[in-house]
Each structure stands twice: as C-alpha cells, then as structure tokens.
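Q: what would the 3D arrangement of this be:
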Amino acid sequence: MGLSFFGIAMVLVGIATVAAIGIPLWFQQPSITLKSAADLLVNDILSVQEHAIVMRVGSQIEFDADGGGYQAMDATGMALPAPMGGGPYLRDFDQDAVFEGVKVEEAEFGGARRLEFSQKGYSVSDGYVVLSFRGETRRVVFDANEAYVVGEGER
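A: Numbers count the residues shown, from 1 in each chain. Sure, this is the predicted structure:
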C-alpha cells in the first residue's frame with residue numbers, strides 16, 4: 001500500500017494552510033511580539049558593544065525620533081554592517097512584518113536618544129528603552145555594561 005502523489009500533495013497543502021493561518025495569529029499576541037522585539041534589542045545592544053571592543057572603535061545605537069526603530073553606527077555616524085546579510089545595521093519595525101506595530105516609546109541615555117560605546121566597549125551613559133505594542137510595554141535597561149529586559153510594571 002503506497003502513498004499517491006495526490007495524497008502527499010494534499011497533506012502538504014494542509015500543513016501550509018495551518019502555517020499560513022497559525023503563524024500570523026501567533027505573532028499577533030502582544031506578549032510574544034513584544035518579548036521578541038525586546039530580546040532582539042538586547043542582542044543588538046550586546047552585538048554593537050562587542051563590535052566596539054573587537055574593532056576598537058566607538059559605536060552607537062541611535063533610536064529614531066518617530067519611534068519606528070533604530071540603527072547601529074560607528075562613532076563617525078557610518079552605519080555598521082548588519083550581522084546577517086548585507087546592508088546597514090538597521091531595525092525598522094514598520095517595515096518588518098513580524099514587528100509591525102512595535103514602537104520605541106522612550107529612549108533615555110543621559111539626555112540623548114542614543115546608546116554610545118567607547119572604543120573599549122564601555123557605555124558613555126546607562127539608560128533604558130521602552131518598547132510598546134498594542135497597549136503592553138517592556139523596558140530594556142542598559143546598566144553597568146549589562147543589557148536586560150524588564151516586564152510591564154517592573155522597574
């Protein structure tokens with residue numbers, strides 16, 4: 001008793017249909033999307049800090065004034081290369097289907113909307129970023145050269 005091509009095709013169509021419906025529903029959950037965006041920001045902060053240490057050049061993450069995302073640059077303002085693929089190290093929540101709707105509500109680092117690292121990887125000033133999505137917020141804190149996520153209602 002064997003499987004027909006038609007039978008296999010129908011199983012694949014079924015799996016594709018479930019995925020096409022399930023994946024967007026999964027990412028529409030605010031806690032899932034916001035946690036993923038906050039975790040990505042923590043990873044990006046640590047990556048830019050590591051770049052400053054390895055390359056021995058000042059680096060920074062500049063948060064967009066409109067809250068749409070952020071970009072990583074060296075001390076001269078030149079975009080750092082993206083960790084995966086080509087192009088600049090840029091996170092644009094409005095252009096990313098997974099993070100569409102995520103906003104940078106606040107970014108406070110010593111009076112600036114940027115987190116700066118010296119060529120040795122030390123931050124110029126500690127601070128935080130508040131991300132929001134559909135009424136929920138998460139705070140990403142950078143303190144004592146450590147980045148971590150604080151949930152809603154925590155300090």
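Q: how about the helices in this structure?
A: Along the chain, counting by DSSP state H, helices occupy 5-27, 30-55.
Q: got the buried residues for the longest one?
A: Looking back up the chat, that one is helix 30-55. 30, 33-35, 37-38, 40-42, 44-45, 48-49, 51-52 (16 or more other CB atoms under 10 Å). All C-beta spots, glycine's among them, are computed from the backbone N, C-alpha and C.
Q: quick one: the closest residue to residue 120 other than its chain neighbours from residue 87, how far?
A: Nearest residue to residue 120, sequence neighbours excluded (CB to CB, 6 or more residues apart in numbering): residue 53, at 6.6 Å. Distance of residue 53 to residue 87, computed by CB to CB, to the nearest Å: 23 Å.
Q: next: residue 136.
A: 30 Å.
Q: the two: which has the busier surroundings?
A: Neighbours per residue, other CB atoms under 10 Å: of residue 136 and residue 87, the larger number sits with residue 136, 15 against 9.
Q: tell me the pLDDT at the residue nearest to residue 101 when sequence neighbours are not counted?
A: Counting by CB to CB, 6+ apart, residue 133 is the residue found nearest to residue 101 once chain neighbours are left out, at 5.6 Å. pLDDT, residue 133: 90.
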